[in-house]
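Colleague: mind folding the following:
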Amino acid sequence: NRGAQGQSSLKELLLPLVRRVIDDRDLNINTNPVEVYKSWINKREAETGESCNLPYEVSNDQALDHKEVRDAIAMSIKMLKNVLENFVKSITESVNKIPYGMRFVAMKLRQALQQKFPDATREEILKAVGNLIYYRFMNPALVAPDAFDIVELSVDKGLTPDQRRNLGSIAKVLQHAAANKAFTAENAALAPLNSYIIEAHPKFLNFFHKASTVEEADVHYNQDQYAEVITLTRPVIYISVKEIVSTHELLITHATELAPDGNDQLHVILKELGAVPDLKDILGDSVSPPAGNSPEAQEQYQEKISEAAQQEVSLTLTSRFDVTEDDDTDMKTLFVRTKRMVVDILVAQAGENLKDVLENPASEDQELEYQTLVKRRDDREERRETELDSKASKEKLMRQATVRDQSLPLDGLKRKVVRNLQLLESDGMVAMENNYQDIVDAIARDIRNQHRHRQQRKRELGRLRSTLESLAQKAKFFEDQSTYYQTYVEACLGNLARKNDKKTESKKSTVKYTAQKLHQKGVILEIEGLPVSQFRNVNFEIHSTEVGHFEVSAKFMGVSMEKVELVFQDLLQLQYEGVAVMKMFGRAKINVNLLIFLINKKFYGK
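Modeller: Reported below is the predicted structural model:
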């Protein structure tokens, strides 16, 4: 249901909520004690340039021992409560915005669970339904709205890490509220939200019940037992090779449940198909055989098989049990043919009811009007001849049978309709007692539904065009975003260097320190296998090769080590990820925050 309709529904529901979150610059929700702790440590050290003398790796409980961490989390929970109510209210009142397909599947899931587990409570059943509606359908789009095209962002304004964390925190609480799952010791910091979860859960249950209560598919789509016979253009589906094999396997496994009658047509089809084929047999020569029998070659071959099996093919659906159009032993086909003939008769001759029209002979004017109608139709069909040549054989048979019916005079056509109606009446499909009103009502429904089908096709075409345009825009967006980020970082580093050119004319592009001096500054924490008393015999040299790039060389007890390339952008990434300590030269443990502070001070004048 993530097609055009499902995508549009999600966007209509979530866009206002997501936009409110990402536009709030003061909203900063982080309820992870360790992340809050590391952020606090990083900020202190980066601002002061001094080590805070606190451990860098701590547990949740150890992080919560610090008042600064507890205060930051309390503020996050307060912000979280303020935004949650809008989300719960909007989601639980959005029943009519959920696509019909999703609601229909949810209804069938609820009914199947009630039948299979009659002793299960209403809450237990609806929790399972909620897992489909909220967790599988809504939650992914809420966590990553840019990936599901909920929000449209320019290249220079992608979602920030803080905005993603805010949305993730909101989605986490909503998921717990939908499942009535309290936060335990593992998430002790979120325990204050348990009372809110208990309060919101009944709202979600009512929402899941309403969402899983919908009309049957044949009513919703205005389909009946004659719909397949009426359709001239065969439906086309797009399905991967792997899905075909999986569908075949599922049908064989559940054939008895799907078709309890042993003479059902499904069993005939499955018998003809035989056992489930292997993917290799279906793909054939489209995948080249492995180059050898080595494990690596076999693994690569299996990867090629899996990749090829994901490719989609288009299949035109036709009935395995179709009969020719002029076979009057098939009552559904006969019913459809008779409807077409009745329409032609009613256009030329009117009456109080169909029986009255069939019993009264046609006048010369009515016969002339009917022949004029047939001629206009013949002319129109001649113009379509080229198109008909490319149609399936069944459609040609249908046209040929229609032409044979139209070649009769009006009275002859009426006599044929009477014979057909008698056959249909013997099968219980029409009745002379109500003047054959059943077939007239069926024609009226066809006329009413025809407009709906045309409008639906027009909407589907519009959605397909919109989807193609969105995909093209999204591909261009990602390409531009990657280029923009790289250019932006390079420009920022370049501006920093140029800004401080005048201030740093007297400064060298290289700085030298002993390990002892760097240890005093807190940059070096330890050197494996070397006591602190020997740090004075270890020398470090940091050389700026280009903007944002540095080359670090070192001599350990007079022995030169291989040079290490240091990218300032990578250091910032480590700091953002909460990595406080990194290794250099395989032995020296470096404080990332204080190394960034040193580089800023010595090379960028900050």
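
Colleague: in this structure L113 contacts A120, no?
Modeller: Yes. Using Cβ atoms under 8 Å, L113 is in contact with A120, at 6.8 Å. All C-beta spots, glycine's among them, are computed from the backbone N, C-alpha and C.

Colleague: in terms of neighbours, single out the busier of these two.
Modeller: L113 (17 against 14; other Cβ atoms under 10 Å).

Colleague: name the nearest residue to the more buried one, sequence neighbours excluded.
Modeller: I125 (5.0 Å; Cβ to Cβ, 6 or more residues apart in numbering).

Colleague: surely that neighbour touches P118?
Modeller: No. Using Cβ under 8 Å, I125 makes no contact with P118, being 10.3 Å away.

Colleague: neighbour-wise, which of these two wins?
Modeller: Ranked by neighbour count (other Cβ under 10 Å), I125 and P118 place I125 first, with 21 against 7.

Colleague: now list whatever residues contact both of L113 and A120.
Modeller: By Cβ atoms under 8 Å, 6 or more residues apart in numbering, L113 and A120 have no common neighbours.

Colleague: sorry, back to before: using PDB, write down the CA coordinates of the host helix or strand of the residue nearest to L113.
Modeller: According to DSSP states H and E, I125 maps onto helix 122-130. In PDB, the C-alpha atoms belonging to helix 122-130 read as follows (Å, rounded to 0.1, in the frame of the first residue of the first chain):
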ATOM      1  CA  ARG A 122     -10.600  -7.700  22.100                       C
ATOM      2  CA  GLU A 123      -7.400  -6.000  23.100                       C
ATOM      3  CA  GLU A 124      -5.200  -8.900  22.100                       C
ATOM      4  CA  ILE A 125      -6.800  -9.100  18.700                       C
ATOM      5  CA  LEU A 126      -6.600  -5.300  18.100                       C
ATOM      6  CA  LYS A 127      -3.000  -5.200  19.200                       C
ATOM      7  CA  ALA A 128      -2.100  -7.600  16.300                       C
ATOM      8  CA  VAL A 129      -4.100  -5.400  13.900                       C
ATOM      9  CA  GLY A 130      -2.300  -2.300  15.200                       C
END
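
Colleague: quick one: name whatever helix or strand follows that helix.
Modeller: Sequence order places helix 139-143 as the next helix or strand after helix 122-130, per DSSP H and E.

Colleague: show me what that next one is packed against.
Modeller: Using 3 or more Cβ pairs under 8 Å, 6 or more residues apart in numbering; DSSP states H and E, the elements in contact with helix 139-143 are helix 4-23, helix 161-179.

Colleague: please identify the most buried of those.
Modeller: Between those, helix 161-179 has the highest mean count of neighbours, a mean of 20, where neighbours are mean count of other Cβ atoms under 10 Å.

Colleague: that one: what's the following helix or strand?
Modeller: The helix or strand immediately downstream of helix 161-179 is helix 194-211, counting by DSSP H and E.

Colleague: and that next one, average pLDDT?
Modeller: The predicted model assigns helix 194-211 a mean pLDDT of 94.

Colleague: buried residues in that helix?
Modeller: Buried residues in helix 194-211, defined by neighbour count with 16 or more other Cβ atoms under 10 Å: Y196, I197, A200, H201, K203, F204, L205, F207, F208, H209, A211.

Colleague: does V552 really touch V564, like I thought?
Modeller: Yes. The pair V552 / V564 is scored as a contact, 4.6 Å apart, by Cβ under 8 Å.

Colleague: the more surrounded of these two?
Modeller: Set V552 next to V564 and count neighbours by other Cβ under 10 Å: V552 wins out with 18 against 15.

Colleague: which element, helix or strand, includes the more buried one?
Modeller: Assigned by DSSP H and E, V552 belongs to strand 549-556.

Colleague: what's in contact with that strand?
Modeller: For strand 549-556, using Cβ under 8 Å, 6+ apart, the contacting residues are 527, 530, 538-545, 560-561, 563-568, 584-585, 587-588, 599, 603.

Colleague: what pLDDT, on average, does that strand get?
Modeller: Rounded mean pLDDT across strand 549-556 is 88.

Colleague: and it, how far out from the chain middle?
Modeller: Relative to the centre of its chain, strand 549-556 is centred 48 Å away, using Cα atoms, centre = their mean, to the nearest Å.

Colleague: same question, stretch 20-37
Modeller: Distance of stretch 20-37 from its chain centroid, counting by Cα atoms, centre = their mean, is 26 Å.

Colleague: distance of the residue of the chain most remote from its centre relative to A348?
Modeller: In the chain, counting by Cα atoms, centre = their mean, E364 sits farthest out from the average C-alpha position, at 63.0 Å. Separation of E364 from A348 (Cβ to Cβ, to the nearest Å): 12 Å.

Colleague: how about T545?
Modeller: 91 Å.

Colleague: more neighbours: which of those two?
Modeller: Taking neighbours as other Cβ under 10 Å, T545 and A348 compare with A348 leading, 21 against 11.
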